[in-house]
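Participant: no sequence on this one, just coordinates:
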């Protein structure tokens, strides 16, 4: 996975198209989903896990301090 700034390059996307009716008009919805290699998927998962860990650690530390002060 090559990064350029905050953007990941060389990623393919799966395109899903659906036509729906809304207020009497037909609207075409297009959804693009990235298609990662197993290595890219693993790297992305590790990145997300690290970010979640940081969030939980922040709030756990805050809660511990509040409980100690009460």
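Facilitator: In hand now; what should we look at? Everything quoted here is computed from the prediction, not taken from an experiment.
Participant: Could I get the pLDDT score of the most centrally placed residue in the chain?
Facilitator: Closest to where the C-alpha atoms of the chain average out (C-alpha atoms, centre = their mean) is residue 48, at 7.6 Å. Looking at residue 48, its pLDDT is 96.
Participant: before we move on, what about residue 24?
Facilitator: Note for residue 24: predicted pLDDT of 96.
Participant: How many residues are close by it?
Facilitator: Neighbour count of residue 24, defined by other C-beta atoms under 10 Å: 5. To be clear about C-beta, it is placed using only N, CA and C from the backbone, and glycine gets the same treatment.
Participant: ok, the spatially closest residue to residue 14 that is not a sequence neighbour - contacts?
Facilitator: Nearest residue to residue 14, sequence neighbours excluded (C-beta to C-beta, 6 or more residues apart in numbering): residue 33, at 4.8 Å. Residue 33 makes contact with 13-14, 16, according to C-beta atoms under 8 Å, 6 or more residues apart in numbering.
Participant: rerun that using 10 Å as the cut-off
Facilitator: Contact partners of residue 33, counting by C-beta atoms under 10 Å, 6 or more residues apart in numbering, are 12-16.
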